[in-house]
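Engineer: got a predicted model here, sequence first, then my questions.
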Amino acid sequence: MARSHSHLVLIPSYNTGPKVVETARLALAVWQPVWVVVDGSTDGTAETLQALAANTPELRVFVLPHNRGKGAAVLHGLQQADAAGYTHVLTMDADGQHPAAMIPEFMSVSQKNPLAAVLGKPVFDASAPALRVNGRKVSNWWANLETLGAGIGDSLFGFRVYPVRPLRRIMERSPWMRRFDFDPEVAVRLCWLGVKPVNLDSPVRYFSAAEGGVSHFRYLRDNTLLTWMHIRLMCGFVLRLPLLLWRKFAAGG
Ligand SMILES: Nc1nc2c(ncn2[C@@H]2O[C@H](COP(=O)(O)OP(=O)(O)OP(=O)(O)O)[C@@H](O)[C@H]2O)c(=O)[nH]1
Ligand SMILES: [Mg+2]
């Protein structure tokens, strides 16, 4: 198990039940410290996690009184991480879909490329719903266009290592990226800022409800949010097109 003073694991959680406790334990077994931001959950997990943290100094739990969205939960953790002197955070979902065993590899790639964002690229198995596997192709296509093919392997996957300062800067300047629009919008805006993406394949596991699987993705609500997000990003893209073209040609196409 690795103990770091620069890189921490950050888990935003909203009503994920026992899965968040399991996820935190699995993460702690391979990396420390681990921080969980409980995003206004009403499922009793704040208390369970706080009890676990009382006996586990490398686990820190932040409890937000009201639900504000995944991006808002990540931003809260990010600000605390910055204040505590951490330079990078690995974000992972609390629902057990992301492989804790791969945390050391993601951290190692980040340590070798500290200026980059390490983006997980999901490798789905038969447990993944076709709608979630195919639906993301639309968002990936737009993200590729908006960055002139800067190399975002998957715009929606939340298993990533971010450099703290650039991500904070992007988020604090904007009222967006607080909910389900967080993952794709920050990937695009980090590219615009010059933070290069490094992609790393990562298996994903979807749990059935009987296995404790939880998802708060709502097809209509969240796709509407994503559509509005890409409209916003396209406006930003048009404004930045000269800069992006210049960068692309300066880098040799
Ligand atoms: N959706 C959602 N997730 C939140 C919120 N706050 C924190 N989270 C966490 O953000 C992560 C992603 O949420 P999910 O609903 O699983 O979204 P997803 O993984 O993209 O969707 P699925 O592929 O259907 O699982 C989980 O760890 C949630 O617990 C919130 O307000 N809404
Ligand atoms: Mg999920």
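Structural biologist: Received the coordinates, thanks. Numbers count the residues shown, from 1 in each chain. Ligands and ions are numbered 1, 2, ... in the order given.
Engineer: what residues does the stretch 1-150 of the chain have near ligand 2?
Structural biologist: Counting by Cβ under 5 Å from the ion, the stretch 1-150 of the chain comes close to ligand 2 at 93, 95, 97. (C-beta placed from N, C-alpha, C; glycine too.)
Engineer: format these as a markdown table; extra columns: secondary structure.
Structural biologist: Shown next, in a markdown table, are these (DSSP: H, G, I helix; E, B strand; the rest coil):
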| residue | secondary structure |
| --- | --- |
| Asp93 | coil |
| Asp95 | coil |
| Gln97 | coil |
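Engineer: looking at those, spot the one nearest Phe249.
Structural biologist: Using Cβ to Cβ, Asp93 comes nearest to Phe249 of these, at 37.6 Å.
Engineer: the closest one: what's it in contact with?
Structural biologist: By Cβ atoms under 8 Å, 6 or more residues apart in numbering, Asp93 lies in contact with 11-12, 23, 158-159.
Engineer: tally of neighbours for His115?
Structural biologist: Actually, residue 115 is Leu rather than His. 10 (other Cβ atoms under 10 Å).
Engineer: assumed it was part of a strand.
Structural biologist: No - Leu115 is assigned coil when assessed by three-state DSSP, not a strand.
Engineer: so how far is Gln50 from it?
Structural biologist: 35 Å (Cβ to Cβ, to the nearest Å).
Engineer: hmm, back to that, quick one: mark the members of the contacts of Asp93 that sit in strands.
Structural biologist: 11-12 (DSSP state E).
Engineer: rewinding a little: format the residues of the stretch 1-150 of the chain next to ligand 2 as TSV; extra columns: pLDDT and distance to ligand 1.
Structural biologist: Formatted as TSV, those follow (pLDDT from 0 to 100; distance: Cβ to the nearest ligand atom, whole Å):
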residue	pLDDT	distance to ligand 1
Asp93	97	3
Asp95	95	5
Gln97	95	6
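Engineer: contact residues of the stretch 1-150 of the chain facing ligand 1?
Structural biologist: With Cβ under 6 Å from any ligand atom as the criterion, the stretch 1-150 of the chain meets ligand 1 at residues 12-14, 16, 39, 67, 69-70, 73, 93-95, 97, 132.
Engineer: close to ligand 1, is the helix ranked longest in the chain?
Structural biologist: Counting residues, the longest helix found in the chain (DSSP state H) is helix 219-250. No - judged by Cβ under 6 Å from any ligand atom, helix 219-250 and ligand 1 are separated, with a smallest distance of 7.8 Å.
Engineer: average model confidence for that helix?
Structural biologist: Helix 219-250 shows a mean pLDDT of 92.
Engineer: which strands and helices sit next to it?
Structural biologist: helix 130-146, helix 182-193 (3 or more Cβ pairs under 8 Å, 6 or more residues apart in numbering; DSSP states H and E).
Engineer: so what secondary structure elements neighbour the helix or strand following the shortest one?
Structural biologist: If I follow you right, that is helix 182-193. Counting by DSSP states H and E, the next helix or strand C-terminal to helix 182-193 is strand 197-204. Applying 3+ Cβ pairs under 8 Å, 6+ apart, we find strand 197-204 packed against helix 103-112, strand 117-124, helix 182-193.
Engineer: buried residues in the last one?
Structural biologist: Read that as helix 182-193. Of all the residues in helix 182-193, those buried under the rule 16 or more other Cβ atoms under 10 Å are 182-192.
Engineer: which of the residues you listed sits closest to ligand 1?
Structural biologist: Asp183 (7.3 Å; Cβ to the nearest ligand atom).
Engineer: contacting residues for the closest one?
Structural biologist: Contact analysis of Asp183 by Cβ under 8 Å, 6+ apart lists 70, 155-158, 160.
Engineer: pLDDT weak spots in the stretch 51-200 of the chain?
Structural biologist: Judged against pLDDT under 70, the stretch 51-200 of the chain has no low-scoring part.
Engineer: residues in a beta bridge with Leu119, which ones?
Structural biologist: Arg160, Asn199 (DSSP bridges).
Engineer: I am finished for the moment; much appreciated.
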